[in-house]
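Participant: Please work out how this folds:
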Amino acid sequence: MSLSVKVLELSGILDGIRGNDLRREVSGILANEANILLLDMKEVKFIDSSGLGALVSAMQMVRAANGKMFVCSISDQVRMLFELTKMDRIFQTFADQDEFNRQVLARQ
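Facilitator: Below is the predicted model:
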């Protein structure tokens with residue numbers, strides 16, 4: 001199986017409205033047969049509960065399509081939120097895109 005990687009760069013506040021946009025974007029990406037999705041969150045300043053729900057929903061969509069989703073470049077605030085909500089157990093995170101490339105793509 002050939003790898004098709006799509007990087008989605010998020011920014012600003014991940015809330016209900018942006019979460020709906022995220023779900024639509026992920027659905028489109030999966031329709032175009034990408035099987036690895038990397039969410040680069042270096043520009044995300046805040047995530048609320050709706051945003052967390054959107055991330056989980058996106059992960060479920062990717063898994064249902066037999067794909068993999070990863071997250072990179074999260075801020076300390078987002079990392080703390082992931083740890084408090086146990087999302088750090090669900091999402092495999094990387095320091096940045098370079099680390100993702102070294103650890104995931106180089107092994108494929």
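
Participant: rest of the way, CA atoms for contacts and neighbours
Facilitator: OK.

Participant: which residue is nearest the centroid of this structure?
Facilitator: The residue at the geometric middle of the chain, judged as the C-alpha nearest the mean C-alpha position with C-alpha atoms, centre = their mean, is Leu39 (3.5 Å).

Participant: Quickly note the distance from that residue to Asp15.
Facilitator: The span separating Leu39 from Asp15 equals 15 Å under the rule C-alpha to C-alpha, to the nearest Å.

Participant: next one: Leu105
Facilitator: Taking C-alpha to C-alpha as the measure, Leu105 falls 30 Å from Asp15.

Participant: Those two: who's more crowded?
Facilitator: Neighbours were counted for Leu105 and for Asp15 using other C-alpha atoms under 10 Å; Asp15 has more, 19 against 13.

Participant: so what's the more buried one closest to, chain neighbours aside?
Facilitator: When the adjacent residues along the chain are set aside, Asp15 lies closest to Gly51, with 4.4 Å between them (C-alpha to C-alpha, 6 or more residues apart in numbering).

Participant: Tell me how far whatever helix or strand that neighbour lives in lies from the chain's centre.
Facilitator: Taking DSSP states H and E as the criterion, Gly51 maps to helix 49-64. Counting by C-alpha atoms, centre = their mean, to the nearest Å, helix 49-64 is centred 9 Å from the centre of its parent chain.

Participant: After it, heading C-terminal, what element do we hit next?
Facilitator: As assigned by DSSP H and E, the chain's next helix or strand after helix 49-64 is strand 68-72.

Participant: Just the CA atoms from that next one would do, formatted as PDB, please.
Facilitator: Presented in PDB, the C-alpha positions along strand 68-72 are these (Å, rounded to 0.1, in the frame of the first residue of the first chain):
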ATOM      1  CA  LYS A  68      -3.700   6.900  11.000                       C
ATOM      2  CA  MET A  69      -3.800  10.400  12.500                       C
ATOM      3  CA  PHE A  70      -1.000  12.100  14.400                       C
ATOM      4  CA  VAL A  71      -0.600  15.500  16.000                       C
ATOM      5  CA  CYS A  72       2.500  17.700  16.200                       C
END
